[in-house]
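A.B. asks: Let's see this in three dimensions:
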Amino acid sequence: MKKSLALLKPYGIIGYLAAMLSFVSNVTVAQTSLPAGCDSVRMAADVMPVYKRGIQDFAIEFRKAMKLRDGCRPDKIVFKWIVDKNGKLSNIEVTAADADDKCREDYIHILESMAAWTPGSHKGKPVCVRMVMPMYVDYKVSNWNDD
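C.D. replies: So this is what the prediction gives:
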């Protein structure tokens, strides 16, 4: 039986949102360019990074900040980024089949303008963590960008 994750159903815009992480201990990612202050990047940590009060808080603020131009309406988006030791996002990548470069830049700008995350830690020390977050956006809801 197939199950889906519907964290934000009451908000109507984002049908589901989930952080997909690799929970393999002691895994680091080879990077061609590491963010400042990162000597390595982990895929998993004892304490994973979190946005303020959680993923729902992230989704609500992301939705409020989303001002998309005409033609930029991908419904399936995958975000990848590194949360550094200070909670700042870097090395942001956006994958969306129906999005051009300008649309991807818009998403990156939204993510960069949001508040910092609580950084991850491993064995009691802050670490840089690579995160992957798929998102489904339903543009058919009539209250898009309404506050």
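A.B. asks: hey, which strand is longest across the protein?
C.D. replies: Once the chain is assigned using DSSP state E, the strand that runs over the most residues is strand 125-137.
A.B. asks: Please, which helix or strand holds residue 105?
C.D. replies: Element membership of residue 105 [criterion: DSSP states H and E] is helix 101-113.
A.B. asks: Now that helix: buried residues?
C.D. replies: Neighbour-count burial for helix 101-113, counted by 16 or more other CB atoms under 10 Å, picks out 103-104, 106-108, 110-111. Where you see a C-beta, it was placed from the backbone N, CA and C, and this is true even at glycine.
A.B. asks: Pull the most distant pair out of these.
C.D. replies: 103 and 111 (13.2 Å; CB to CB).
A.B. asks: Wait, residue 116 touches residue 88, no?
C.D. replies: Yes - counting by CB atoms under 8 Å, residue 116 touches residue 88, with 5.5 Å between them.
A.B. asks: where in this protein is pLDDT low?
C.D. replies: Where the chain drops to pLDDT under 70, the residues are 1-32, 138-147.
A.B. asks: can you give me the strands for it?
C.D. replies: Counting by DSSP E, the strands of the chain are 14-17, 28-29, 41-42, 76-83, 89-95, 120-122, 125-137.
A.B. asks: any idea how far residue 95 is from the closest residue to residue 58 other than its chain neighbours?
C.D. replies: Residue nearest to residue 58 in three dimensions, not counting chain neighbours: residue 51, with 3.8 Å by CB to CB, 6 or more residues apart in numbering. Counting by CB to CB, to the nearest Å, the gap between residue 51 and residue 95 amounts to 20 Å.
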